[in-house]
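> predicted model and sequence below, questions to follow.
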Amino acid sequence: MTKTTPGNFFEDFRLGQTITHATPRTVTAGDVALYNALYGSRFPLQSSDMFAYAIGYPRSPLDDLLVFHIVFGKTVPDISLNAVANLGYADCRFLHAVYPGDTLTAVSQVIGLKENSSRKTGVVYVRSTGCRQDGTKVLEYVRWVMVRKRDEAAAAPGDLVPELPAALDPSTLGAACPTVVTRSYDFALAGSPHRFGDYQVGEKIDHVDGMTVEEAEHATATRLYQNTARVHFNQFTESKGRFGRRLIYGGHVISLARALSFNGLANAFHIAAINGGRHVAPLFAGGTVFAWSEVLAKVELAGRNDVGALRLRTVATKDKPCADFPLKDGTADDPAVILDLDYWVLMPR
Amino acid sequence: MTKTTPGNFFEDFRLGQTITHATPRTVTAGDVALYNALYGSRFPLQSSDMFAYAIGYPRSPLDDLLVFHIVFGKTVPDISLNAVANLGYADCRFLHAVYPGDTLTAVSQVIGLKENSSRKTGVVYVRSTGCRQDGTKVLEYVRWVMVRKRDEAAAAPGDLVPELPAALDPSTLGAACPTVVTRSYDFALAGSPHRFGDYQVGEKIDHVDGMTVEEAEHATATRLYQNTARVHFNQFTESKGRFGRRLIYGGHVISLARALSFNGLANAFHIAAINGGRHVAPLFAGGTVFAWSEVLAKVELAGRNDVGALRLRTVATKDKPCADFPLKDGTADDPAVILDLDYWVLMPR
Amino acid sequence: MTKTTPGNFFEDFRLGQTITHATPRTVTAGDVALYNALYGSRFPLQSSDMFAYAIGYPRSPLDDLLVFHIVFGKTVPDISLNAVANLGYADCRFLHAVYPGDTLTAVSQVIGLKENSSRKTGVVYVRSTGCRQDGTKVLEYVRWVMVRKRDEAAAAPGDLVPELPAALDPSTLGAACPTVVTRSYDFALAGSPHRFGDYQVGEKIDHVDGMTVEEAEHATATRLYQNTARVHFNQFTESKGRFGRRLIYGGHVISLARALSFNGLANAFHIAAINGGRHVAPLFAGGTVFAWSEVLAKVELAGRNDVGALRLRTVATKDKPCADFPLKDGTADDPAVILDLDYWVLMPR
C-alpha cells in the first residue's frame, strides 16, 4: 500500500462527508512580516498594534486574506489535488479576528456533488471552516471545484447542487469586528480622510498603482500558506503542460488587488465577507497587476453606529492600467482582466 | 473628487508645513528575520539577544538601517511620489534604539523650497522624524528631492535653501547607544579582534565579497518598508521608461554595502549618524554589489570611555570588485560606482 | 594588517584546535516563518504549538534542519571559506530541541588533517557543535572539506584521518525528543495514518511532488543562515567560474527533499541523526527537485515505547520524477541524482 497521498477523486467524496485537514498552524509575527513583504499592504489596523488598540482591538489582527489563504491551503491536499479547475467561491464570512499566536485548523463538509456529462469529472461543493485553538470559528466559505474521476466507470457518488447566496446578507456581517472606537480612529495615520459616508453606490476608483510578480514571490507566498497545488511549484512538469509554465495561485492575485486598493480605499480596514469571485484568466510571473473597484452597495449595519459596510467589486488586470475600468463579464470583454471579486468591507462611519 | 492619493506636487508644499505620514508600523521579529535574509547581515548585536544583553542593551535592537528604511518608506507617499530625483540626505541621526514590539510613526517638516529655473520642478527639503509609540524620537534626517509641479504657471510656494551640515558634530553622536560594557564584549563571537584603537584615519578596507540582487529580493525588501515609490515595483510602466526596467531602491544598496562591510568592520556595531550620501548611479536586478570603506575621521566621544566613533566613507560598486578602491566623485570617474556614503559608526574602545 | 577575514588555509589548522565561530544568533518566529515559506514544510510538530504541546513538547521546536543550517553557516567563515569541495558529513546528532527565543552559538574542533599528494590542498575534519544560551549542546556533527593551501611549500599541519561511524548507533538516538504522548498524537491532523509499525525495511517511497528553485529563494535561505560561502551569492565572480553561475547551497537541497518527503513520511516528525550524505551533483536555479526514500533499517529504542527509529536513505534528483527510484552510487548511474542522504527519523509507535 502506498504511503503517499494521491488526493481524493470525484468518486471518493460523499454528501455530508466531513474531512479534517492536516497540519494545524500557529500563526506568528513572522507570517505577518512575510505577508507584508509579499504584498506591501498598508492598512493601519493590520500594521500597528497601537492603531489597533486605539480603535478597540487588543492588538493588530492578521490580514483577513492571510487567514483565508492559510485555511484554504489546508484544504488543497484533500479537496483539489486532482482538480481540473477551481470554479468558484461563495458565502465566505470572516467570523472572528485572528492574532499572532493563534493556531488554525480546517475542516470541510461536502455539501454538493454533480457528475459532468462526460463522466470523466464531477463538481465537488465543500463548505470549509477555519477554527482557532479554542474551537471558535474564524472563517467559513463554500467553494466548488471540478475534480477528475479515478475511474470513469465509477458510479457518481451523489447528485446535488446546493443553493448558494449570490451575496451575503448584510445582517450577517461584522462578526469578526469588535465595536470600533471611531473617535480614536486617526484618519491622518490611516492615510485617507474618506470614510463610509463619503462613498457612493456606483462610484468607481482606479487604484492607479501596479505590482509586478516574480516566480520567487508567488511560490514563496503559496508555500507560506502550505498550499500544495502542484501547478504553482513544479516548472519541470508545468513546462510540458497547458501553459508551459507555473500558474500563480489565484489567492495571490486577490491579495495583490487588496493591497493595491489601499490607494482609494484606505479606510476599508476589514474584509467582512466575500460574496464570490472569478479567476477570469491566469496570471504568470512577469505580469504586472493593476486593479480598480466599484461600490456596488452601501449599508448600515443593524445596531452598529461605528462602521458601515460597502459591497465592492474589485477587478484586477494584468499588464493594463485600469483608468478606463476594464471588464470581462459578458457586458464587456477585455482580455487583460484576471480577477473579478465581489466582497463586503467595513469602514468607519 | 478622487479618493486616490495623487501625492504632493511642488506647489502643494509650504515652508514650515508639518506632514503626518500614514501607516504606523509595529516592528517585529518577523521584520528582523526578513531583513537578515535579504542582506545576510552578521553584526552580533543585532543577531543575538544574549550578546546585546551582555554589553548593556536589554536585547537585540533592530538594525539601524531597517529603522531608517521603515521611516523613509512612510514619507514616500507624501514627499516623493511625484519626485524626479532623490537628491540627497543630511543630518541623519539615530536617536534611540528600536526593539521588536515598538511602533514607529513618521512626520516631516518642510524646511526648504527652491523652484528650478525651468519652472517645471522644484526642490523640496524636509526634515523627517521617526518616533516610537511613547513619542521618543528614534531617528531624524533631512532629505531633498526634486518634485514636479502640477501646473508650471503656479507660483513658487517658497524660496529658501536651508543650511545643512556637511557632517554631524561628533558631540551629537551616541544618543541611541547605551553605555557599552566593553569587558563583556566578546570579540571572538563578534568575529574580529579589531576595535576602535586599531583603525587609522586614511585606512582603506576592501570588503571583498559581492552580493547579486534579484528582482524578487529588492521588491520584497521595499514592500517590507511599505515604500510605495512606483519605479521599484511596476515593470509594465518601467519597461516604457528611461531605463526600461525597475530601479532598485537606493536604501537597498546601502543595506547591502553595510552587510558586506562586516568583513573588515565587524565591530562597527552601530550606525550613529549619516552625514550624507549620493546614489551615484542606478542599480538593476542581476547586478552584483561590492563595497569598500575609508576611515575619514576618528573621534573619542566626550564622557564616554566605552565606544569611539569612526567617520566612514563607504563606496559601493556594481559588477566590479573593490581591490583598487574605485571612486566617482570628481577626483576619479569610475562608472562602476553606485553609492558614496558618509557616516559615523560606533566601535568598542 | 588587513582587517578583512581571509579565512583559514590548510596550513592554518592544527589537530585538536578549537575554533569559536562568530555571530551568535537568537532564533525567532520570523526565522521559522521564512523557513516554512522557503520549503513549504507541513510536519505538524513544527507547524503547530498546540500539536507540539499535546504530544509532550512545550511548544513547536524549530525544524531540525533549520538548526543544522544555522550552526553550519557559522562554521563557514572559519572552516570552508577557502574550500575546494565539501566532502562529507558524519556522526550528526540532534541533541536538544531548539525553540524560538533560544540563542545559538557554534564551536568546531579540528579532529583530522590530511594533505593531498598534490600538496596544493588538504582535507580538514572538524567536529562542530551547536550550543544553546545555557551551554546545552543542541547539535553535533563531523564534516570534512578539501581546503586550499595558502603556500604549497608550507609543511602539512598534521596527518590524521579520524575514524568515523558509517551510521550512528540507534542507542544514541532520541536525545532531542521528549517522551511523546502517542495517545495525543492526532494522525488526522498529522496528515497520514502510517506509523512506525507500518513501514518495512526495503520499502521505497516516491515522494511524487517537485519543487522548482529560484535564485532569490536559495540566496535568501542561505543568507538567513548567515552562511557566507561566496559561490552562492556572487554572480559576477561565478559567471567566470567553473559552472558559469551560482551554486545552490547543498543544505537547501536537503531541506527541499525533507519537505517533499512529507508526502509518504508525514509522521517522521523528527530527524534524530544524519549518518552521512553526498551532494552527488550541483543544483542551479531553475532546476526542479524531486525525491524518493528507502527504509534502510527499523529499530525500537531502548526504554522507549513512544517512538521508533527508521533509518532512511533519501535521494533527490533534478528535473526527473522519482517513480523508478533513480540512484547514482556505483550500483547505478543516473545523472539526475543530486543528493544521497542517510539519516534516522523518529516516528510514533
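Ah, there it is.
> name the SS class of the nearest residue to A:F262 once chain neighbours are set aside, please.
The shortest distance from A:F262 to any residue other than its chain neighbours is 4.9 Å, reached at A:R42 (CB to CB, 6 or more residues apart in numbering or on different chains). The C-beta positions use only the backbone N, C-alpha and C, and glycine is treated the same way. For A:R42, the reduced secondary structure class is coil; criterion used: DSSP: H, G, I helix; E, B strand; the rest coil.
> need the pLDDT of A:R42.
Reading off the per-residue confidence, A:R42 sits at a pLDDT of 98.
> for it, grab the count of nearby residues.
Neighbouring residues of A:R42 were enumerated by other CB atoms under 10 Å in any protein chain shown; the total is 23.
> separation between it and A:N267?
A:R42 sits 12 Å away from A:N267, going by CB to CB, to the nearest Å.
> list the contacts of A:V231.
Contacts here follow CB atoms under 8 Å, 6 or more residues apart in numbering or on different chains; on that basis A:V231 touches A:E238, A:G241, A:R246, A:L247.
> do the same with A:F243
Under the criterion of CB under 8 Å, 6+ apart, the contact partners of A:F243 comprise A:P282, A:F284.
> am I right that it is in a helix?
No - applying three-state DSSP, one finds A:F243 to be coil, outside a helix.
> for it, phi and psi?
phi -100, psi -10 (degrees, to the nearest 10).
> okay, now the unreliable bits of chain A?
Along chain A, the parts satisfying pLDDT under 70 run over A:1.
> and the helices in it?
A:29-39, A:44-47, A:49-55, A:64-79, A:187-190, A:215-224, A:235-238, A:250-260, A:262-265 (DSSP state H).
> want to throw the ones you listed into a markdown table with mean neighbour count and distance to A:C131?
Converted to a markdown table, the helices of chain A look like this (neighbours: other CB atoms under 10 Å in any protein chain shown; distance: least, CB to CB, whole Å):
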| stretch | mean neighbour count | distance to A:C131 |
| --- | --- | --- |
| helix A:29-39 | 26 | 17 |
| helix A:44-47 | 24 | 21 |
| helix A:49-55 | 22 | 22 |
| helix A:64-79 | 25 | 9 |
| helix A:187-190 | 18 | 31 |
| helix A:215-224 | 26 | 20 |
| helix A:235-238 | 20 | 33 |
| helix A:250-260 | 25 | 19 |
| helix A:262-265 | 25 | 29 |
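> can you redo the ones you listed as JSON lines with distance to B:V27?
Conversion of these to JSON lines gives the following (distance: least, CB to CB, whole Å):
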{"stretch": "helix A:29-39", "distance to B:V27": "9"}
{"stretch": "helix A:44-47", "distance to B:V27": "10"}
{"stretch": "helix A:49-55", "distance to B:V27": "10"}
{"stretch": "helix A:64-79", "distance to B:V27": "18"}
{"stretch": "helix A:187-190", "distance to B:V27": "16"}
{"stretch": "helix A:215-224", "distance to B:V27": "20"}
{"stretch": "helix A:235-238", "distance to B:V27": "35"}
{"stretch": "helix A:250-260", "distance to B:V27": "19"}
{"stretch": "helix A:262-265", "distance to B:V27": "19"}
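> so which of these gets nearest C:H232?
Nearest to C:H232 among those is helix A:215-224 (14.9 Å), distances taken as CB to CB.
> got a list of what the residue nearest to A:S80 when sequence neighbours are not counted touches?
Take A:S80 and drop its neighbours on the chain: the residue closest to it by CB to CB, 6+ apart is A:V145, 4.9 Å away. Applying CB under 8 Å, 6+ apart, one finds that A:V145 lies in contact with A:I79, A:S80, A:A83, A:V84, A:A85, A:N86, A:L87, A:V123, A:V124.
> okay, strands next: where are they in chain A?
A:18-20, A:25-26, A:83-94, A:103-115, A:121-131, A:137-148, A:204-206, A:211-212, A:270-279, A:288-300, A:307-318, A:337-348 (DSSP state E).
> paired strands for the third one, with orientation please.
The reference is to strand A:83-94. In its sheet, strand A:83-94 lies beside strand A:137-148 (antiparallel), strand A:270-279 (antiparallel), with partners assigned from DSSP bridges.
> can I get the shortest one in CSV, CA atoms only?
Taking C-alpha atoms only, strand A:270-279 is exported to CSV below (Å, rounded to 0.1, in the frame of the first residue of the first chain):
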residue,chain,number,x,y,z
HIS,A,270,-11.6,44.8,7.3
ILE,A,271,-13.0,42.4,4.7
ALA,A,272,-16.1,41.1,6.4
ALA,A,273,-17.2,38.7,3.6
ILE,A,274,-16.6,37.5,0.1
ASN,A,275,-19.7,37.1,-1.9
GLY,A,276,-18.0,35.4,-4.8
GLY,A,277,-15.1,35.7,-7.2
ARG,A,278,-13.9,34.5,-10.6
HIS,A,279,-10.3,34.0,-11.7
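> which non-adjacent residue is nearest A:L65?
Here the residue nearest A:L65, using CB to CB, 6+ apart, is A:S255, at 4.9 Å.
> A:Y39 is in contact with the one you found, correct?
Yes - under the criterion of CB atoms under 8 Å, A:S255 lies in contact with A:Y39, with a separation of 5.0 Å.
> what residues does the stretch 101-250 of chain A have near chain B?
Taking CB under 8 Å from any CB of the partner chain as the criterion, the neighbours of chain B within the stretch 101-250 of chain A are A:188-192, A:194, A:198-199, A:203, A:205-212, A:214-217, A:220.
> any residue of stretch A:281-301 up close to chain B?
Yes - in this structure, stretch A:281-301 sits against chain B according to CB under 8 Å from any CB; the contacting residues are A:G286, A:T288, A:F290.
> how close does A:I271 sit to A:N36?
For A:I271, the distance to A:N36 under the criterion CB to CB works out to 16 Å.
> need the contact list for the residue in the stretch 151-300 of chain A positioned nearest to chain B.
Among all residues of the stretch 151-300 of chain A, A:G191 sits closest to chain B, at 3.0 Å; criterion: CB to the nearest CB. Under the criterion of CB under 8 Å, 6+ apart, the neighbours of A:G191 are A:R42, A:P44, A:F262, A:A266, B:T5, B:A22, B:T23, B:P77.
> just the strands paired with strand A:83-94: most buried one?
The highest average neighbour count among the strands paired with strand A:83-94, using mean count of other CB atoms under 10 Å in any protein chain shown, belongs to strand A:270-279 at a mean of 23.
> between it and strand A:288-300, how many degrees?
Counting by axes from the mean of the first three to the mean of the last three CA atoms, to 10 degrees, strand A:270-279 lies at 130 degrees to strand A:288-300.
> picking that back up, give me the distance between the residue nearest to A:F262 and C:L66.
A:R42 sits 31 Å away from C:L66, going by CB to CB.
> how about A:R150?
A:R150 is 38 Å from C:L66, where distance means CB to CB.
> check A:T172 too.
42 Å.
> picking that back up, and which of the contacts of A:V231 is nearest chain C?
Relative to chain C, and with distances defined as CB to the nearest CB, the nearest of the contacts of A:V231 is A:R246, at 7.1 Å.
> what sits against the closest residue to that closest one other than its chain neighbours?
For A:R246, the nearest residue in space outside its immediate sequence neighbours is A:E238; the separation is 5.0 Å by CB to CB, 6+ apart. Remark: with contacts taken as CB under 8 Å, 6+ apart, A:E238 is in contact with A:V231, A:G244, A:R245, A:R246, A:L247.
> give the contact list for the last one.
Translated: A:L247. Contacts of A:L247 were listed using CB under 8 Å, 6+ apart, and they are A:V231, A:H232, A:E238, A:P282, A:L283, A:F284.
> for these, which one is nearest A:D31?
The shortest gap between A:D31 and any of the contacts of A:L247 belongs to A:H232, at 18.1 Å (CB to CB).
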